[in-house]
Structures are given as C-alpha cells and as structure tokens.
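*Asks:* show me the folded form of this:
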Amino acid sequence: MQLTAECVKQQTTWDLFIKKMPTRIRPFTAQDLVEIGPTFTDREGHIHTVEPEHCLCVGPLGDRWSCSLEDLKQDRYPVSLPDHEGFRWYRERHPRALHALHVTEPFDLDCQDGKPALQCNEDRGGYITWNSQPQPDQDLRVVQGTIFLRTYACYTLFQKLKKAYTPIERGTFSLTFSLLALLPAQER
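*Replies:* As a prediction, the model looks like this:
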C-alpha cells in the first residue's frame, strides 16, 4: 500500500500513545568501530557515525541508533546498573504523548520531504507516528508493529494509572513496580 503524508494526516483514527519501554544505551567503544564500522544505518534509513562522546542505543528488537552523551544526560535517566556489555536501561525524563495511526498491512509512506519512502514490511502492518506539527517541524515516522506494541502504551490508560497510584509502599508487588516504571522519575 502506498501512502502520503497529506493522506495520513487527514485520518481521524489517530490515538495518543506514550513510550513505556526503556532503551539499552552505552557509550561507543573502540571495539564498536571494529565490529560496527565507522557508520551504520538505522531502521528508518538514517546514517549514524560511531564516534567519541556518542552512545549506541538498542531498541526492543535489536534495532540500533545513536545519541550524543549530552542528549542522553539531558533527555534520559538510568534505571539499571551496567550489564556485562556496559549497557544500562534508560527512560525518557519527559515522555511526550504522540499520535499514532495503525495501518493493518505492509505499506510505504512518502513523507513528501525529498527523502526515500519509509517502509513497514510486517505482514500485520505497523504504526505511523506524528508529532502533530506542520512542515518544517513535522515528524512522521514508521514503526514496525512488533516494535510499537513492545515500546508504547495507550496514553489514556497511562493517565488513569497515574491518577490511581498512591505511593504508600512502593514495590510491594511486581504489578505496582511495573506501573511505577511507566511514570517519569520526578512523578514517582
């Protein structure tokens, strides 16, 4: 299925979601330059450079991208100790709700910005996320369905859980701890 940015922005079935899954992150090492090479391409086709003062980020299905150490410190906080590979789990400091449109079959999205079309190749489709901004600040992305479902939660459910939570005995049982993990650090 071929879609365009203008076509999808006119849809009325956008839902609000918020990121729930932490991301594995560690600074690049000299070994990364050997194993990965000087550059690599993420799932969306962006080219990333393996360089000092930057980090390797790994998503729930092994997808990779990079971020600067400065952005990491500003935008995320650690929720674990380093593992045997030096990765720590990080959550966003200020997760923002984003609009997402579920497309139930494979598709190509032409964002009409001169870049190659974004693709979803999963048989059961995926999601188009949008920051609700017009050009030039528009940010439309394609997220494969399996990644989206592991990474995002319905925003209205998140808000209900946040209101229902009362911090009496944190971590009393795993469900409480899991729900707490959805909340930004400053709200716990």
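
*Asks:* how about the helices of this protein, start to end?
*Replies:* Counting by DSSP state H, the segments of the chain that form helices are 5-9, 30-35, 69-75, 145-151, 155-164, 174-181.

*Asks:* contacts only, for C55.
*Replies:* Residues near C55 by CB atoms under 8 Å, 6 or more residues apart in numbering: I25, R26, P27, F28, S66, C67, S68, L69, L72. No exception for glycine: its C-beta is placed from N, CA and C like everyone else's.

*Asks:* pull the most distant pair out of those residues.
*Replies:* The most widely separated members of these are R26 and S68, with 13.5 Å between them, by CB to CB.

*Asks:* these two: which has the busier surroundings?
*Replies:* R26 (18 against 13; other CB atoms under 10 Å).

*Asks:* got a list of what the more buried one touches?
*Replies:* R26 neighbours (CB under 8 Å, 6+ apart): C55, L56, P82, E85, G86, F87, R88.

*Asks:* where neighbours are concerned, which of these has the most?
*Replies:* L56 (22 neighbours).

*Asks:* was I right to think it contacts T23?
*Replies:* No: applying CB atoms under 8 Å, one finds L56 not in contact with T23, separated by 10.4 Å.
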